[in-house]
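Peer 1: got a structure for you, letters missing:
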C-alpha cells in the first residue's frame, strides 16, 4: 500500500523536534557520513563509499522468539538505538509458532524471522545515511538472551 | 501492526484453491524440500539443511526505479514467480526520488530500495520452505532493464 511521499534527503528528514537528536547521531557515528550534497544518502563506511550497510544477523540459543510483543518492542528499540527513522512496522504471528516482522525506515529496513523451537532468528539490518546499524546488535543480544550472535556485514552499492 | 495468526507449516498454508498450485511448486523446485514434518519450514538447498535461502541482489544500470507502480507490480510478480504467499506489501515513495518497498511472505520477505539517479537498486529475497527465490531474478532483470544483476546467496540458519 503506497504511502504519502516522504523526503529521504537529510534536509527532508529534518522534521520538527528531531534536530537535536540528529546532531547527536552525527557526532556518534562518525564512520558513516554523507559523501556530498547530491548523494547524501550514500555513506562512507570504513573508507568505502556505499549506498548502505547491510548486516546479516543470526541469533542462536535465543529466547522469547515467539513473543510478538517483545519482538515489536525490540525492533522499535533497535530503530531508536540506531538513531533511524521508523516509517512503518508490520509483524505476523505464525501458528504453531514463529514471528516475521519488518520495520521500514527512512534509512532502509530491519527484518526478523524467528524459529522459536530452534532458538534461532534470522535478521537483516540495512541502513543508509547516518544511521548506525551496529547499535542494533547489543539490543538484539540482550532482548533475546542469545548465546551466540553472528553478524556478516555487506556494503551495498559499492560501485553504484 | 500485528495481524491475525497465520499458519506457517505446509499444512497451515493449504488454503482453499491453492492445493494444485502448491503441488506444481513442489515439482518445480526440487532442490528445496521440507526436511521432515516437524521442521517443514527448514529446507535442503544444494544438499545443505537451512532455515531459508537469502539472496542479496544488486541491480545496476536499471530503469524505472522511481516508478512506484512498476515496483509494486514487480514485487507481486516476484512473489508469483517464486510461488510464494504474499501476506503484506508496503511501499514508500521518497522525494526527490527513490522507493523503498517490502513484501512480507509466509516464506519470509522481499525488500527493495532504489536510487534512481544512480540506476541502482538493492534488494534482498529471503525465502524458506518450498518457495523458489531464484525465480525472482529474471523478473527483476526484465522489469528494470538492468544492465548488470549481482546475486549473492546466503544459506541462513545452516547450524540452527
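Peer 2: Received the coordinates, thanks. Just so it is clear, the structure is predicted and the values come from calculations on it, not from any experiment.
Peer 1: And the helices in chain A?
Peer 2: A:19-28, A:68-81, A:136-143 (DSSP state H).
Peer 1: Is the longest one positioned near chain B?
Peer 2: Yes - counting by Cβ under 8 Å from any Cβ of the partner chain, contacts between helix A:68-81 and chain B involve A:68, A:72. No exception for glycine: its C-beta is placed from N, CA and C like everyone else's.
Peer 1: Show me which positions of that helix end up buried.
Peer 2: Within helix A:68-81, the residues scored as buried using 16 or more other Cβ atoms under 10 Å in any protein chain shown are A:68, A:71-72, A:74-75, A:77-79, A:81.
Peer 1: Export the residues you listed to JSON lines and append columns for pLDDT.
Peer 2: Formatted as JSON lines, those follow (pLDDT from 0 to 100):
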{"residue": "A:68", "pLDDT": "97"}
{"residue": "A:71", "pLDDT": "98"}
{"residue": "A:72", "pLDDT": "98"}
{"residue": "A:74", "pLDDT": "98"}
{"residue": "A:75", "pLDDT": "98"}
{"residue": "A:77", "pLDDT": "98"}
{"residue": "A:78", "pLDDT": "98"}
{"residue": "A:79", "pLDDT": "98"}
{"residue": "A:81", "pLDDT": "98"}
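Peer 1: List the residue ranges of chain A that fall below the pLDDT cut-off.
Peer 2: Along chain A, the model assigns pLDDT under 70 to residues A:1-41.
Peer 1: residue ranges for the strands of it, please.
Peer 2: Here chain A has its strands, by DSSP state E, at A:6-7, A:33-34, A:43-45, A:48-50, A:52-60, A:86-95, A:99-105, A:108-115, A:120-127, A:148-156.
Peer 1: wait, what's in contact with the nearest residue to residue A:154 once chain neighbours are set aside?
Peer 2: Leaving aside its sequence neighbours, residue A:154 sits nearest to residue A:54 (Cβ to Cβ, 6 or more residues apart in numbering or on different chains; 4.3 Å). Under the criterion of Cβ atoms under 8 Å, 6 or more residues apart in numbering or on different chains, the contact list for residue A:54 reads A:108, A:124-126, A:153-156, B:56, B:122, B:124.
Peer 1: Same list, the strands of chain A, but as CSV with distance to residue A:140 please.
Peer 2: Shown next, in CSV, are those (distance: least, Cβ to Cβ, whole Å):
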stretch, distance to residue A:140
strand A:6-7, 26
strand A:33-34, 25
strand A:43-45, 20
strand A:48-50, 22
strand A:52-60, 6
strand A:86-95, 15
strand A:99-105, 12
strand A:108-115, 9
strand A:120-127, 7
strand A:148-156, 7
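Peer 1: and which of the buried residues of helix A:68-81 is nearest residue B:50?
Peer 2: residue A:71 (21.6 Å; Cβ to Cβ).
Peer 1: For the closest residue to the closest one other than its chain neighbours, list each beta-bridge partner.
Peer 2: Nearest non-adjacent residue to residue A:71, counting by Cβ to Cβ, 6+ apart: residue A:99, 5.2 Å away. Note on residue A:99: beta-bridge partners residue A:93, judged by DSSP bridges.
Peer 1: do the one 10 residues further on as well
Peer 2: For residue A:109, the beta-bridge partners under DSSP bridges are residue A:104, residue A:126.
Peer 1: Next: residue A:58.
Peer 2: residue A:122, residue A:150.
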